[in-house]
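Asker: Attaching a predicted model along with its sequence, questions to come.
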Amino acid sequence: MIRKLLIVDDSPIARKITRKCLPDGRDFDIREAGNGQEGVDLYGQERPDCTFLDLTMPVMDGFEALARIMQQDPDALVIVCTADVQEKVLQRVANLGAFRVIKKPPSKENITRALELAEARQQGGADA
Amino acid sequence: MSEPGYLFTEEEADILQEVMNIAFGKASAELAEVIDITVILSVPEIRLFRGEKLHCYLIDQMRFAERLSLVEQGFIGRFRGSALLGFPQGAEECILRLMGEEELGEDVAEGPSSLGCEALLEVGNILIGACIGKLSELLKDYVTYTPPRLLVEDYHALVDGGLLARADDVGITMKTMFSFEEAESVTGYLFLLTDESSLSWLKQALNDYLDSFG
């Protein structure tokens, strides 16, 4: 069951929107980081069940943060949530080990679906 | 956010920044479909200015190149204003090469060739159109555009000629810096300038956008 979430985005509004799009009636334990470096550090401290990660951020971008998180924890479930929807970018994050990509702006439906798939992966489901 | 902060709350400025981020992301993806490139995006920067300070800010921002190619395009809706896409002169050569044009055939010291001008206008049209289009879609507006035009100026002409902003304008500037992974020397800036008449609508639209997430 996914309970502890990490949201990494430099925009406080984007973090707020992600929280608003989480499925209702669930008790999530949410941590937030404002750039990739903070995200990597917080990931190491908290080991969240699932991470939402933006790409275009100051200090350390999401590509670097994703690589470092996957290095720390090859089983990390990282959902990239980005406005940068170029095909090559999507391919690059897939190669780095992102579990899913959600195009901004997110919706309750696609965040809920991504979390369902993450839970299936967590439980060893083959189709996730 | 700089002065006049009373025009927008901090939250409204944050929403505008995020909406701009989404809009320019969409614009980059559209450009990448036309030219086989990857656009490297920066975090958008939202600033608010009034009068002479707007002019000074733009002049300062355009200092990145002695000679500039500027694509300017107006947009008209409840959100109205103009978009300025600035490239250092010579960028059109790189863009043409990325488009597969090897033989430019004209002296670039004389300014962009006619083919170069077309390339800049096309890149400008795609980036500006997709960016403004996405912005207006997110904010539930509908805009029409004036045809893009290319201004090729040296820096001093911009300073002296009042091409960027009039001293009595109020401006929201939304700046996104970008470069192309395949030609990192091509760095450009996109500024969206709007005026006081759009402000009250924009404030409401930004709050409605956030409320739409429940």
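Answerer: Everything's here; your move. Numbers count the residues shown, from 1 in each chain, chains lettered A, B, ... in the order given.

Asker: A:Met57: what secondary structure?
Answerer: coil (DSSP: H, G, I helix; E, B strand; the rest coil).

Asker: Could you report the neighbour count for it?
Answerer: 24 (other CB atoms under 10 Å in any protein chain shown). Just so you know, the C-beta spots here come from the backbone N, C-alpha and C atoms, and that holds for glycine as well.

Asker: Find the nearest non-adjacent residue to it, please.
Answerer: A:Asp10 (4.4 Å; CB to CB, 6 or more residues apart in numbering or on different chains).

Asker: and the residue lying closest to B:Leu192 once chain neighbours are set aside, helix, strand or coil?
Answerer: Once flanking residues are discounted, B:Leu192 sits nearest to B:Met174: 4.4 Å by CB to CB, 6+ apart. In three-state terms, and counting by three-state DSSP, B:Met174 is strand.

Asker: Looks like B:Ala205 contacts B:Phe79 (just checking).
Answerer: Yes: contact criterion CB atoms under 8 Å: B:Ala205 and B:Phe79 qualify, at 7.4 Å.

Asker: intersection of neighbour lists for the two?
Answerer: B:139, B:141 (CB atoms under 8 Å, 6 or more residues apart in numbering or on different chains).

Asker: low pLDDT regions in the chain?
Answerer: You didn't pick a chain, so chain A it is. Within chain A, the stretches with pLDDT under 70 are A:125-128.

Asker: sorry, should have said chain B
Answerer: In chain B the weaker segments, taking pLDDT under 70 as the threshold, are B:1-6, B:51, B:64-65, B:102-112, B:153-171, B:184-185.

Asker: So which residue is dead centre in it?
Answerer: Nearest to the geometric centre of chain B sits B:Leu190, at 2.4 Å (CA atoms, centre = their mean).

Asker: just to confirm, which helix or strand has it in it?
Answerer: strand B:183-194 (DSSP states H and E).

Asker: Distance from that strand to the middle of the chain?
Answerer: Centroid displacement of strand B:183-194 relative to its chain, using CA atoms, centre = their mean, to the nearest Å, is 6 Å.

Asker: Looks like B:Leu84 contacts B:Thr194 (just checking).
Answerer: No: counting by CB under 8 Å, B:Leu84 stays clear of B:Thr194, with 11.9 Å between them.

Asker: Could you tell me how many residues sit around the residue in chain B that chain A sits nearest to?
Answerer: Taking CB to the nearest CB, chain A has its nearest neighbour within chain B at B:Gly25, 3.1 Å off. B:Gly25 has 27 neighbours, counted by other CB under 10 Å.

Asker: contacting residues around it?
Answerer: Counting by CB under 8 Å, 6+ apart, B:Gly25 has contacts A:56, A:82-85, A:104, B:41.
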